[in-house]
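> With the input below, show me the fold.
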Amino acid sequence: MISNLPDDIQYKILELLPVQEAVQTSVLSKQWCHKWASMPKIFVSELNCVSPTLGDTYAPRLEKFVDKLLLLHKGPLKSFQLFTGQCCPPAFDQWMRVLSRLGIIDLHWVLVNYEVEYRIPSIFFSFDALETVYLCNFLLKVPQHFNGFKALRSMELLKCTSTTADLTKLLSNCPVLESLVLISMKVSIGLKIRAPRLKMLIINGSFAYVQLEAPMLANAKILLRNSDTCCLGRNGGKSNLEEALGSLVHIENLKMKEDFVKYLAKGCLPDHLPYMFNHLKVSIKLNFHRFKEIRVACILFHNALNLQDLYILADPSTLTKEEDPSTFTSFWDTEASHGLVFNQLKTIFMEQYEACEPILA
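Numbering: from 1, shown residues only. The predicted structure follows:
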């Protein structure tokens, strides 16, 4: 009965098995003998290559297994996922060369040992069919003659290292990129994202500056750390607020955490942003003791008069020497409240709300 299953069902069964066990299905029958060699999806975990005597990961065993697995593979390979703590550049380079010939669409490559990095070979940037990529602990150096990932729709980079110029070049040459996640990236200076089709963005890390040119962006979560090292805007004298949020015409959900609002408040602030946010929901970490951070929030609110949902995480930090509590009342009663009416506001949630009486009023 199992020998008569349709090919798609057989492949589905193989995909649910650890790849080492999938290979062993060759003993089931003649029809299953080489079925594993044409699996469209391969998932390899170092946890499945453990020495029974040493009780530890055995790197040569993993290398030998993956070498044979890719060498014997027949037909296109849609998805390749590898999770390992070993960094073996010669073997990795060879696997990349093989994958480049198999029409890979989905690539997940995770190095769980954060003490080492793997410089991805230039051949990776020739994966023309790539649609999804997830890389952890890689060093990215974009070759000079990079033609772009024309089909790439989703990219996640975790603990990867690159220069601002290389990362900008990479992202600018992904014309249909819709989803981008950058977690704990180590970038030489700042972050500049040009992505005309981008719809979802998550940023969590330390950057000297953040420039976004993503007019289709709908959902964004930005956690910026170490704002004391951040600099002012670099684009024609624009403020940090304008460079980061000024182009987000279609933004619907905006979450600003950690030091991002503090970064936006640096330098001269505009009276308003060039576009209205007609469908915006805001989640913001706000320090009510900092005059300019309150002003950043109010600029956003003025551009989002249809705001329906507002979440405020109050930063309980104390006043700095330069900040005068008496400015709160005058600011809140005049500039902040002038023309600011939330006719559409349905939900407001405040957490860790600690502030002085003038602010609450």
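> Where does the prediction get shaky in the stretch 251-361 of the chain?
315-339, 352-361 (pLDDT under 70).
> Let's see that with 90 instead.
By pLDDT under 90, the weakly predicted segments of the stretch 251-361 of the chain are 257-259, 262, 266-295, 297-361.
> Quick one: the helices in it, in order.
260-264, 291-302, 326-333, 357-360 (DSSP state H, counting those that start in this stretch).
> got it, and the stretch 51-200 of the chain?
59-71, 89-100, 164-172.
> Return the most buried member of these.
With neighbours taken as mean count of other CB atoms under 10 Å, the helices of the stretch 51-200 of the chain reach their highest mean count in helix 164-172, at a mean of 19. Any C-beta I mention is one placed from the backbone N, CA and C, and that applies to glycine too.
> Give me the helices and strands touching that one, please.
strand 191-194 (3 or more CB pairs under 8 Å, 6 or more residues apart in numbering; DSSP states H and E).
> after the strand it packs on comes which helix or strand?
strand 200-205 (DSSP states H and E).
> Partner strands of that following strand and their direction?
strand 179-183 (parallel), strand 219-224 (parallel) (DSSP bridges).
> What lies in contact with the shortest one?
Read it as strand 179-183. Residues outside strand 179-183 that contact it (CB atoms under 8 Å, 6 or more residues apart in numbering) are 153-159, 171, 191, 193, 195, 198-205.
> Spit out the contact partners of the nearest residue to Asn343 once chain neighbours are set aside.
For Asn343, ignoring the flanking residues on the chain, the nearest one in space by CB to CB, 6 or more residues apart in numbering is Leu305 at 7.2 Å. By CB under 8 Å, 6+ apart, the contact set of Leu305 is 276, 341-344.
> What is the nearest of the residues you listed to Leu111?
Ranked by distance to Leu111 (CB to CB), the contacts of Leu305 are led by Met276 at 44.0 Å.
> if I pick the closest one, what's in contact with it?
303-305.
> ok, now Ala218?
Ala218 neighbours (CB under 8 Å, 6+ apart): 199-200, 250-253.
> Now tabulate the residues you listed in TSV and tack on distance to Lys186.
Putting those into TSV (distance: CB to CB, whole Å) gives the following:
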residue	distance to Lys186
Lys199	26
Met200	22
His250	30
Ile251	27
Glu252	30
Asn253	27
